[in-house]
Each structure stands twice: as structure tokens, then as C-alpha cells.
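A.B. asks: here is my input, please return the structure:
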Amino acid sequence: MNRYSERRERLLEYLPDDSVVLLFSGKAPFRSADETYDFYVDRNFYYLTGLDAEDMVLMLSKINGTNSERIFILPYDETMAKWVGGRLLPEKVKDISMIQGISDRDDLDVTVASLLNRYRLKGDLSFYFDFWHYDPDQADTQAQKYAKNMQEQYPYLIMEDIYPVLTKMRLVKDEYEISCIRKAIRTTNLGIRQMMKVSKPGVNEMVMEGIFEFVLKQASCKDLAFNTIAAGGQRATILHYADNDQVMQDEELFLCDLGATYDHYCADISRTFPVNGRFKERQKELYQIVLNANKMVAKKAAPGMSLKDLNKIVTDYYEEELPKHGLNKGVSEYYYHSVSHHLGLDTHDVDGGPGALLEAGNVITDEPGLYVADEGIGIRIEDDLLITENGAVVLSEEIMKDIEDIEQYMRGQ
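C.D. replies: Below is the predicted model:
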């Protein structure tokens, strides 16, 4: 039994008897003509199988006290193999997922129909899908489309959402997951250090972004955790600045928010440093406020606290501190996001909902910021924290953030 089979077994323990789970790996949507967007495997499917391939379906069942599992995959296609590479063969699927039952993707409908006919007299067979939907305008997922079709064919079916159960499982990371996040952070650190070496007035933000991505490729990191934010000067006051195409100026600060991945697990790090390698006094003053808040959150984060509690630590500190430095408009004018979110297979990972309390095994971000647009200063310092029974461990502690360390490194000392 490997980590994936253990997770599947644990998932079924949460469910009542007479339950069937169907999870879909997803398909890349078309972009234009015959081009598709990059494929990103459904994270819940991946969490339970370890398989990163399109158009697969996982079926788990718990009926009459007996658990079973089957995966439906696309058959090998020699022509496709010559053009884009071969699909995963059944033996490879078994090796990765430890699922012994392998069927053709086209057999899914027949298998579902057979299952329903076999247990029709029970009348209470429940089918579980991942009905997660982020935006009302979002296109239906494979799971939603399949569930709608089943509901039309079998109006009596009971359909349930498996997302809350998978969220509960994914919130608490095991040792392997934590090791993956650590590796992603280490690679992120390499990229940030190279950006600091290259930074100087006249360099375009896109060069900084490109340097980071180049270092990741050198480290065999295939995917970014999210699109890199590379913002100089006033542009760093835009939280999700995306253009990354302006020339950095002397005496500006540069803010980067970025992350590598390892086995799909994400790092999420923000650092702010002077373009020319030396902070101005005003920049130091405001930077130190953010750094103090960052360290306070890391010190206070522990089981039993909520993300809202952690954010209050920041806002309470800012309410007292900002007026001392001439920032009198109110905290929300200078700090307009929350200090934390969960981190894992997604950068903004599953969470327990409003007011949920932290528990050992959670991984969260710690990212206070200050944004003073009329001074052209945007600062964010973000670390990744592992919550333990004894408090928080800063997983990204090796990524420099103290003023003196940054200046010394950028001067080549």
C-alpha cells in the first residue's frame, strides 16, 4: 500500500455504506484552432491517484461493506504516440496508483449502468462527485457534466458533493507533502537569489521574471506555482500586478511574489529588495514594520488560532505603528489583503471555511504588506509556515529577508 491507496482507503472510511465516488482528471480546453491550453490535472484526482494524465476517471465504491476501486484510462494510440508521445500504459498506472482494476475510458458508462442495475433494489446508492465551482461564469467541469447527464438518465439518483471530505483530508499534510513543499521552497530561493544578483537600474521586470523561470528550469522544475509578480516601484502597490514589462529605476524597491513546485506542491514566497542593492532610509523604515509583522505572525501561529486571528495581529500592530511613521489614513488604505491562506497542491489551497481553526499539519502563508502609492513604495514579505503542536515552523527561513542580509548579498559580500 502506498500513500495514494492509503488516502483512498481513508476517504472511504469517511463515507457511509452504499457510496460510489467518481473523480475526473480533467482535460485541457482548446485555446485556438487545434491548440489547447496546458493541461493541469485535477488536484483531488491527483491526491488520490498520483496520476498526471488527461481524461482519466477514478471510481471508488463502498457497497455492502466491501470497498473496490477502478480507474478508467484512454487506450494506447500508436498514431498519437508518434505525434505527442504515448499515453500511460496500464502497468504504469498500476505502479503509480496501486489500483489493480483498469478499464477503457469508453467503458465508464456501461460500468455505471451495470452498477445501478445490480443494486437497483437497494434504492439508496449515493454517487459522490467533486461539485466545486469557483465562479458562476466558470465552464462546467467533467464531473459536473457527467453528473448532469446521470441525473437526466436516472432521476432517482442521490448525488452528493465529495469536496468537503477531500478538503478535510488535504488540509493536514503528511511528511511527504511537507517534504515536497520544502523542496519547492528551496528551488524558489535559488531563483530569488539569482534575481537579486541581476537586479540593477535599467533592467526590465520581464528580465527578472525570466531569470526566475530560467533558474527553475535548471532545477528541473516544470511548473510555476502561479504566474510570477515582478513589480518595481509604484507598480508593487498593485496586489496582482501582471504586466511585468516596465524598466526598473534607481532607488526603487522591487517586489516579487512567486513560487516553484515539486510534484505539484507549491511554494508561495514574496520578497522585496532595493533595485540598486541599497535601501533608502524611508524604505528601511517601512520595510522594518512589515518584517516585524511577518515575524509576529510566525511567532503567534499555532493550533487553535484562525487565519482571522492572525490577520488581527497585523492590523492591531499597524494601527499602533503606522501613525508614528506619517501613515494616518487608516490601516485599510495601506494594507488591503489578509495575512494568510492555506498552501499545498494549490497555491490558494483548500481551507476549512470562515472561522476554521488551525491544526497541526496545516501549511499556511505569512504575508503582511504595506502599500504607499503616493510614495511609490510597495512591500510584501511572505513566508510559508508549517503548523505543529508547538507552534509554527518557518519552512522558508533560509530565504533572506533582513535588511542587512539583503544589502550584503546584493553588494556581493
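A.B. asks: next, the buried residues of the longest helix anywhere in the chain.
C.D. replies: Taking DSSP state H as the criterion, the chain has its longest helix at helix 175-198. Neighbour-count burial for helix 175-198, counted by 16 or more other CB atoms under 10 Å, picks out 177-178, 180-196. For glycine as for every other residue, the C-beta is placed from the backbone atoms N, C-alpha and C.
A.B. asks: check which helix or strand residue 136 maps to.
C.D. replies: Counting by DSSP states H and E, there is no helix or strand that carries residue 136.
A.B. asks: backbone phi and psi for it, please?
C.D. replies: For residue 136, the backbone dihedrals (degrees, to the nearest 10) come out as phi -60, psi -20.
A.B. asks: excluding chain neighbours, what is closest to residue 77?
C.D. replies: Computed as CB to CB, 6 or more residues apart in numbering, the closest residue to residue 77 that is not its neighbour in sequence is residue 87, at 6.6 Å.
A.B. asks: what residues are up against the one you found?
C.D. replies: By CB atoms under 8 Å, 6 or more residues apart in numbering, the residues touching residue 87 are 53, 73, 74, 75, 76, 77, 80, 81.
A.B. asks: the fourth one: neighbour count?
C.D. replies: So that's residue 75. Neighbour count of residue 75, defined by other CB atoms under 10 Å: 10.
A.B. asks: over to the last one?
C.D. replies: Other residues near residue 81 number 11, with proximity taken as other CB under 10 Å.
A.B. asks: please name the nearest non-neighbouring residue to it.
C.D. replies: Leaving out its chain neighbours, the residue that sits closest to residue 81 by CB to CB, 6+ apart is residue 87, at 7.5 Å.
A.B. asks: and what of residue 101?
C.D. replies: Nearest non-adjacent residue to residue 101, counting by CB to CB, 6+ apart: residue 70, 3.7 Å away.
A.B. asks: quick check: buried residues in stretch 399-413?
C.D. replies: 399, 400, 401, 403, 406, 407, 410.
A.B. asks: got phi/psi on the second one?
C.D. replies: Translated: residue 400. Dihedral angles (degrees, to the nearest 10) for residue 400: phi -60, psi 140.
A.B. asks: residue 406 is in contact with that one, correct?
C.D. replies: Yes. The criterion here is CB atoms under 8 Å, and residue 400 meets it with residue 406 at 5.8 Å.
A.B. asks: list the residues that contact both of the two?
C.D. replies: Listed contacts common to residue 400 and residue 406 are nil; contacts here mean CB under 8 Å, 6+ apart.
A.B. asks: how long is stretch 248-257 from one end to the other?
C.D. replies: Terminal residues of stretch 248-257 are spaced 16 Å apart (CA to CA, to the nearest Å).
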